[in-house]
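Chemist: Okay, sequence plus prediction incoming.
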Amino acid sequence: EAQVTQNPRYLITVTGKKLTVTCSQNMNHEYMSWYRQDPGLGLRQIYYSMNVEVTDKGDVPEGYKVSRKEKRNFPLILESPSPNQTSLYFCASSPTGGWTDNSPLHFGNGTRLTVT
Amino acid sequence: AQKVTQAQTEISVVEKEDVTLDCVYETRDTTYYLFWYKQPPSGELVFLIRRNSFDEQNEISGRYSWNFQKSTSSFNFTITASQVVDSAVYFCALSEAMRSGGGADGLTFGKGTHLIIQP
């Protein structure tokens, strides 16, 4: 089954303790992206990657890191989490990101992060 | 810069009523894509429709229909004969096809409309 898998689904941590949210897709997609969703703000893009070893900042990249060492994986790293990073996070992928095909972004099921 | 406005924060209707969710967008690009996603209470994002800027045909899919009007920069979504299962947050999103440098970018989402269908 084609899917985007995020882990964990729920995570509670403390300020300053490094964490990684994993994202994996099995569709051989080139484009992957991370979004955060906050009440009243909708979804905002954190980082995206057009292909392996190619990453770029989205609208709200501060406090986050990503890496794309292999096509299928796109982990989101919080080196020193703070309470304002408490949010619902979504990973997404698309064949090319260029929208030249008919495939929309495929989203994972989300990771709810709480930083105390 | 691209922007999506969903002015209706929350809508509550009684089951079987028709309901329209508004979406107004801003973009300087001539080639762009518009999307609607549904987020049910379980939290996942479900793709509903994508429309490119050159296709202004309205679309109907069962009880769902979409009205795209470039003249008013709107891409409204109507649910006919609403059902309780339609209760969700609905997001409209926009993507410009090409940015400077040749790379495509991600979606810009509206803030969402929380639709409540009462039995």
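Modeler: Yep, that arrived.
Chemist: Can you give the distance of the strand ranked longest in chain A from its chain's centre?
Modeler: The strand that spans the most residues within chain A, counting by DSSP state E, is strand A:42-51. Counting by Cα atoms, centre = their mean, to the nearest Å, strand A:42-51 is centred 7 Å from the centre of its parent chain.
Chemist: Which residues outside whichever strand or helix holds residue B:68 are in contact with it?
Modeler: Under the criterion of DSSP states H and E, residue B:68 resides in strand B:64-69. With contact meaning Cβ atoms under 8 Å, 6 or more residues apart in numbering or on different chains, strand B:64-69 is reached by B:34, B:36, B:48-49, B:51, B:55-60, B:74-80. Yep, even glycine has a C-beta here, placed from its N, CA and C like the rest.
Chemist: Could you rerun that using 7 Å?
Modeler: B:34, B:36, B:48-49, B:51, B:56, B:58-59, B:75-80 (Cβ atoms under 7 Å, 6 or more residues apart in numbering or on different chains).
Chemist: Also stretch B:14-30?
Modeler: B:2-8, B:11, B:13, B:34, B:53, B:73-84, B:90, B:92, B:94, B:96-97, B:110, B:113, B:115, B:117-119.
Chemist: Between the two ends of it, how far is it?
Modeler: 39 Å (Cα to Cα, to the nearest Å).
Chemist: With stretch B:61-81 instead?
Modeler: Taking Cα to Cα, stretch B:61-81 runs 13 Å from one end to the other.
Chemist: Identify each buried residue in it, please.
Modeler: For stretch B:61-81, burial by neighbour count (16 or more other Cβ atoms under 10 Å in any protein chain shown) applies to B:64-66, B:68, B:73-79.
Chemist: And stretch A:34-48, by the same measure?
Modeler: Buried residues in stretch A:34-48 (16+ other Cβ under 10 Å): A:34-37, A:42-48.
Chemist: just stretch B:79-96 next, same as before
Modeler: Applying 16+ other Cβ under 10 Å to stretch B:79-96 flags B:79, B:82, B:86-96 as buried.
Chemist: Among those residues, which ones are in strands?
Modeler: Counting by DSSP E, these place B:79, B:88-96 in strands.
Chemist: So which of those residues would count as near chain A as well?
Modeler: Contacts with chain A are made by B:91, B:95 out of those, judged by Cβ under 7 Å from any Cβ of the partner chain.
Chemist: For the ones in strands among the buried residues of stretch B:79-96, name the two members farthest from one another.
Modeler: Greatest spatial distance among those (Cβ to Cβ): B:79 and B:96, at 27.6 Å.
Chemist: low-scoring stretches of the chain, by residue?
Modeler: You didn't pick a chain, so chain A it is. Along chain A, the parts satisfying pLDDT under 70 run over A:97-103.
Chemist: look at chain B instead
Modeler: B:97-105.
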